[in-house]
Every structure is written in C-alpha cells, then in structure tokens.
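Enquirer: got a predicted structure plus its sequence, pasted below:
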Amino acid sequence: MPSPNEKLAESLDVLKAIQEDNRRVFRSDDLSRVHRERLVENGFLQEVMKGWLISSSPDAQAGESTPWHASFWEFCARYSDERFAAQWHLSPEQSLFLHGERTVIPDQLVVHSPKATNNDIKLLFGTTLYDLKVAEMPPGAALMVRDGLRLFTPAASLVRVPESFFQLYPLEAQVVMASLADASDLLRLLLNGGHSAKAGYLAKAFRQTGRGELADEILRAMKGAGYDVRESSPFEAGQIFHKPSRPAAPIVGRIEMLWESMRGKVLATFPKAPGLPTDKEAYLRFVDEIYRTDAYHSLSIEGYSVTPALVEKVRQGGWDPEHDAGDRRNRDALAARGYWQAFQLVKKEVEKVIAGENPSALARAAHNDWYREMFQPCVTAGLLEPGSLAGYRNIPVYLRGSRYVPPRWEAVREAMPAFFDLLEKEPEPSVRAVLGHWLFGYVHPYSDGNGRMARFLMNAMLASGGYPWTVIRIVDRKSYLSALDRASIEMDIHPFTTFIVRRVQWRLERHDLKFPAPKESFDLGRDMVFFYGRDGETWVRCAISREALDDHFHGDGKDKLKVFRANRQHIEQEVRRKYLAGDTELDGSILIHSDDLPDAEQPEEASQPAEPDGGSPEGIRGSAGDRSQAGAEEAMDLATGRGDDAEQPEDASQPAEPDGGSPEGIRGSAEDRSQAGAEEAMDLATGRGDDAEQPEEASQPAEPDGGSPEGIRGSAEDRSRAGAEESRELSTAPGDETEESEKT
C-alpha cells in the first residue's frame, strides 16, 4: 500500500503536468477530487472561489497574499474567458494603467462584457472582480490581448478615458503619451469619432509635455476634416513631470517622470551634504568598523538568521566550507559570507567615490560584480547553478505581503540603463541616495538580493556627499518596508525620505560614547550588569547579559561584577561600536547579548579585539578577482527559501525538502512584507526609564532615529521571550537594579 509521501508525490506529478507554460490557475475539474483535496491539504493549491484554484506553497504563512498576487491577472483572464469567451475587455482606465507600467494589484477590477450581470465577485485578500454589463463590444481594432488580458490599445485608452483621468493620474497619462511614436492611431480614432473636444485637450497635453509636433499634426488633421478644435490643458498646475525629446518605452518614461516628480521632496527634507571627507582614512575606518552591525541588520531584514557573532566569524576566516560540511549547508553562513565579499567590493568603490570619482558611473560599472559576489558562495556550495550569476532576471517576481508588483522582466533591460542615466545626471547626493535606493527596489532587476543591493547603492551615493555609512536597523523593518510601499503604491516619497534622514542624522550629529563613571551594578533578577556611558551631556544606560559574560569572558560560576571589571575595556568597545552605528534599543539604551560578541572566547583579562584589516578572511578560498565572471544569479529563494525580496512562481510543486529547502511553487524569498514584519516590531520599550537611578546630572538619551518608538529590536534569529523581557526591563524598570555581587 502506498505511503502518504508516495501518494503526495503522485498528486504532485499530476499538478506538474498541468502547470505547463507557468500556468498557476486551474479549474477544480482539472484534477480529480482525491488529488485536489490532497494538494490543498498539503498547501500546494489554494481555493480562490468555488470551482477555482491557484498554485500555492506549503511554506506560505497563514494569511500570505503572495500566491494570490502572483496569480491575480492570470485568474482574472481565465475566469473572464470561461464566463464570457472573447466577449469581454478591461476598462480604458485599467488598460492605461497597464500600458503605463502601473503594476499595483487593484482592489477592484472591472470587466466589461455584454454577457455580464453587474455582479461584484469577492476574491482573496479584499480584492473583487466586478462584471459590468455593456451594450456591445468595441470595434476589434480598439482592443489588443496582452498576457491573456483584453485591453484597449494605448491610443484607444487615451481617447476613451474621461478628461478628469489626466488630472487624477497625470503620470500614467504622460507615460503612455510619451510611448507613442506618432499621432496616427490617435488621429484615426479622433477623426472617425468626431472627437473635437478630446482632440483639443490631447493636442495641448502633447504640447505641454514637449511633443509639439504631435500637437500640430492633430490640429492640422482635425481642422482639415472640418472640425473646430481649441486647445485646453487637461492637467492641473504642477502636473507636468517630464518632457521627453523622443518616444520612450513606458518603463523608461515612468521612472524618469517618477524621479522628476520626487527629487524636490527629497531636497526639501534632507540635510545639506557635508562634502567629501578631508580625512578619508577615518571615513574608511568607520566603514570597516560598522561592517558587523551593517551585515547583521541588512541580512536580518531579509529574513536570514544571522548574528553579529556569525558575521564576525565569516570576516575573521572561521567559515570553512572546504572542510566543514556544516558550513557548506548553512544557508545563513553562505549569506553572511556573500555579504562580506560584496561589502569588500562596495568599500573599494566608496574609496574611489570619496576620492572624487563619479559615484553613479562607478555603480553602473560595478553593481553586477557586487551581486555576483553576494551569491557566489551559494554557487560554490552547489545550492545555485552557475547560470544563476548571469545577469538581470528573466522571470517575474513578487514582494511578499505587498500589493506592489515589480515590472515585467522584459522591461528590466530598458529600465536599468535609464535608471543609471538618471543617477549620473543627478547633481545632488541626497537625491541619488534616496531615489537610487527606492527605484532600484522598484525595478527589482534581480531575482533576489535587491534589498541588500539597494542599501549598498544608497551608501555609495551617500558617500558622494560625505554623508556617513548608514545602517537600516532590523527594529525599523516594519516602518522601512511600509515607507517603501508608500512610495511604490501611492507615489509618496516623503515617508521614505524622512526615514532615511533620521538614520543619516544620527551619524551627522557626531555621537560618541565614553565611560567616565560607569557605576556598574549587577541585577540578579534580570541577570544583567548595568553600567553607564556618556554622550556629551547625555548619560546612556548600557547592559550586558549574564549569558554574554559566561560565554565570552569565562564568567560561569564567578562574580559577574568582577568578570565585567576585568573585561571592561573590551565590553565598552562593543557597546561603543553598537552605539556609533545607531544600533540602540528603542529607548536609546545599549544591550549586549551573547550573540552580539564574536564566537571566540576572550580571556578574563581585558583584551583588544583584532583590528579589521579589510582583507579576505583566511581559510576561505578565492577572492573577487578569482571568481568566474559568468554573470548574475537566479533567486536565492530557489535554493534557500530565503533571500532579499522576491517571490517567484515555479512550474511544478514538490514536497518540502528534509533540510528545510523551499518546495517548488512560490518560493519564499524575502523582502518579506508580511505580518512577520509586524512581529519583529513588537512594542516592548514602552518607557524612557524616567525612574532610573543615574549618575548626577543625568539626562535621557535622544532616540537615534529621532522618531517615536515603534517596537523592540527584532532579529532574524528571533530572540526568545526571555530576551524580550530583558529589553523591556532595561528600558522600563531601571530603578530596581542593585549593587549585588552574586556568584553563580
């Protein structure tokens, strides 16, 4: 008798057979009841409505919207074909959105058909499909089919939308206008329909957007046919974003107009650039010093379970996949190693940037190399095939938990040269940093790694203005991703700009931390040594856990205060490193856990940590120069179920691998805009410690990001509830600590 696994494998074979051509949407009768129920029960299929199913993944979390967003347009097309055959089309407004590369999943999709019943059909995650009954189908020449969707042509869309559309959605209207090579298709519709008023505002719109020759042609043709045409603008003041000199692909026109419409808002918010640093060695030394903090937070944001200790192990050469099978299998270590390799290349470019070279030209030339280094360890370990390092993506990607869908992969090749052109033309470092970061993620050129790449790019552009290397903290993940979504969905760059400003401002304020009167004390109830540092006139509360003292300073069974005092210099250096990077708790305090420290145990006597030399860690073979130059990768998701940003559809679903590998279907990757992000931002630090016993004249530290607390520092390794309690007590109950010297 077949085992449950054998039965599931049989059902998966059936599913694979009907997933040809990347099909993700199925009728219930495409599979037998037994196979259908088995696949739904095991998470490989998900019901949309009675009689309709979509591909899913067993890895998808409860409430995960990505499988639906990946299937939305295909479902709408197949459902409409099933009900109406060829007698349906989308609205001219939605047609124009799609032609203009507006890829946000709509809350409601309106399908027009003579066979419709004016019914609003509820779908998944708050989306609906409304079938609108119309008297007849439009002429066939006005329609086209793209990806199974029956759309109005670009010209027909412009003619059929009402004039108010140009005011409500000026960017989409101008993107489609800029894509037209000539006025022929428009004129045919205007002349046959006798649309003199439409001709007037379309002619004016072309003239306002730099296409005066098309405006003149429309006027001549309409007047030659006997129509009285008067130009009038359909746009409101300030709604002209860009004046292209020639026709542009929609994605190119879109990102150019987005850049032009947003740069002023960035300039109005960002602090003035300090200018290239005079002490370049000190600038690069800080980049070296912040590496461990930067790597930990950047990887944790993407869902990797890394610790500062793992990051330090990789940097110091302790990661040895050549001889250690555990290291070969450890996806988190592979990610950390790849980040280290890429960081070294980025640092080299930053060194050129602060020497005065063109930062955008450097990034254009080097960004593919950064990407290859990031994923080279996965290729070496056999988790990705060599072709994964080939270049920009050739598959669609989806962002977990977001309604925003990155552009079609076919558009990426047109978008990226235009993106770097904008970077090179932009004179302001702050605009290059903010819009460069956001637009890189908006285009999503790679299958994975886009978040890490965008943060590398941001810091290279910040360096061009003398701004410091800036870390996006894991505790800020929820607000960070929310701000990115606001820019991508609502075209509002202000929240993201202010978010980056708060992080940059922390370093511009030139914080430092010294320890003139630490006043250390051990709190037995909380298992921590508390002490104080001073930043100017502000006292900063610090703490190190008993676990950290035991694991790294041979403190097990010893007086914790004596252990602390014997290793004070090393502990204070770690605290200062975190503080200077802005890696604080929500109340501005600093907490050292065991996994914040390198794995190597320190002697009980204070010792100096090894200085980072920026070189390749020993024990790791190969360097950036030694790597094969065979182009950029496929998604880290495909091999690891982790990664930066994108969810990718897959042809066939397979059972989960025993080692936790991602089954085929929708692969878990990670710019993971899911409810997990909210969990990482739980509000634990509810107070500022006003009752704290502090040194004389103590004042409360300012929050490093200048914002109101949003949640406790989360991490990918998911600190336990006990750790969370430590953080809560650190920030809300500091007055209870006592001068106990307790032996354990």
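Expert: Cool, the structure landed. Residues are numbered from 1 along each chain as shown.

Enquirer: mind listing the helices for the stretch 501-650 of the chain?
Expert: 546-553, 560-566, 568-580, 637-640 (DSSP state H, counting those that start in this stretch).

Enquirer: redo the ones you listed as TSV? Include mean pLDDT, mean neighbour count and distance to residue 162.
Expert: Bear in mind the C-beta positions are built from the backbone N, C-alpha and C, glycine included. Rendered in TSV, the data for the helices of the stretch 501-650 of the chain read as follows (pLDDT from 0 to 100; neighbours: other CB atoms under 10 Å; distance: least, CB to CB, whole Å):
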stretch	mean pLDDT	mean neighbour count	distance to residue 162
helix 546-553	92	22	65
helix 560-566	94	20	72
helix 568-580	91	20	56
helix 637-640	30	25	42
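
Enquirer: so this protein: which segments form each domain?
Expert: The domain map for the chain lists 4-55, 69-250, 255-508, with the assignment taken from automatic domain parsing.

Enquirer: and the ones you listed, which is most packed in?
Expert: Each of the domains of the chain was scored by mean neighbour count; the highest is domain 255-508, a mean of 21, by mean count of other CB atoms under 10 Å.

Enquirer: what's the span of it, first residue to last?
Expert: One end of domain 255-508 sits 30 Å from the other (CA to CA, to the nearest Å).

Enquirer: now it: how far from the chain's centre is it?
Expert: 10 Å (CA atoms, centre = their mean, to the nearest Å).

Enquirer: now do stretch 28-36
Expert: 37 Å.

Enquirer: residue 544: which of the domains of the chain is closest?
Expert: Proximity to residue 544, assessed across the domains of the chain by CB to CB, is greatest for domain 255-508 (13.6 Å).

Enquirer: before we move on, back to that, which among the domains of the chain is found nearest to residue 522?
Expert: That would be, of these and by CB to CB, domain 255-508, which comes in at 23.3 Å.

Enquirer: which non-adjacent residue is nearest residue 58?
Expert: Spatial nearest neighbour of residue 58, excluding adjacent residues (CB to CB, 6 or more residues apart in numbering): residue 43 at 3.6 Å.

Enquirer: quick one: residues contacting the residue nearest to residue 116 when sequence neighbours are not counted.
Expert: What sits nearest to residue 116 in space, not counting adjacent residues and going by CB to CB, 6+ apart, is residue 131, at 3.7 Å. Applying CB atoms under 8 Å, 6 or more residues apart in numbering, we find residue 131 in contact with 83, 84, 111, 113, 116, 117, 118, 119, 121.

Enquirer: so is residue 131 in a helix, a strand, or just coil?
Expert: With DSSP: H, G, I helix; E, B strand; the rest coil as the basis, residue 131 sits in strand.

Enquirer: give me the pLDDT for it.
Expert: Per-residue pLDDT puts residue 131 at 97.

Enquirer: quickly list what it is bridged to.
Expert: Beta bridges link residue 131 to residue 111, residue 119, judged by DSSP bridges.

Enquirer: what about stretch 99-113, how long is it end to end?
Expert: Its first and final residues considered, stretch 99-113 spans 21 Å by CA to CA.

Enquirer: thinking again about what came up before, and the residue nearest to residue 58, its phi and psi?
Expert: Here is the backbone geometry of residue 43 (degrees, to the nearest 10): phi 90, psi 10.

Enquirer: wait, it sits on residue 61?
Expert: No - counting by CB atoms under 8 Å, residue 43 stays clear of residue 61, with 10.6 Å between them.

Enquirer: tell me which of the contacts of residue 131 is nearest to residue 463?
Expert: Set against residue 463, the nearest of the contacts of residue 131 by CB to CB is residue 111 (50.1 Å).

Enquirer: quick check: the closest one vs residue 303, distance?
Expert: Separation of residue 111 from residue 303 (CB to CB, to the nearest Å): 36 Å.

Enquirer: surely residue 90 is in contact with residue 156?
Expert: No - between residue 90 and residue 156 there is no contact under CB under 8 Å: 11.6 Å.

Enquirer: which intervals of this protein have sub-threshold pLDDT?
Expert: Scanning the chain for pLDDT under 70 picks out the ranges 305-329, 599-744.

Enquirer: in JSON lines: the domains of the chain, plus distance to residue 543.
Expert: Below are these laid out as JSON lines (distance: least, CB to CB, whole Å):
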{"stretch": "domain 4-55", "distance to residue 543": "42"}
{"stretch": "domain 69-250", "distance to residue 543": "42"}
{"stretch": "domain 255-508", "distance to residue 543": "16"}
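
Enquirer: re the thing from before, roughly how far does the residue nearest to residue 116 sit from residue 558?
Expert: 75 Å.
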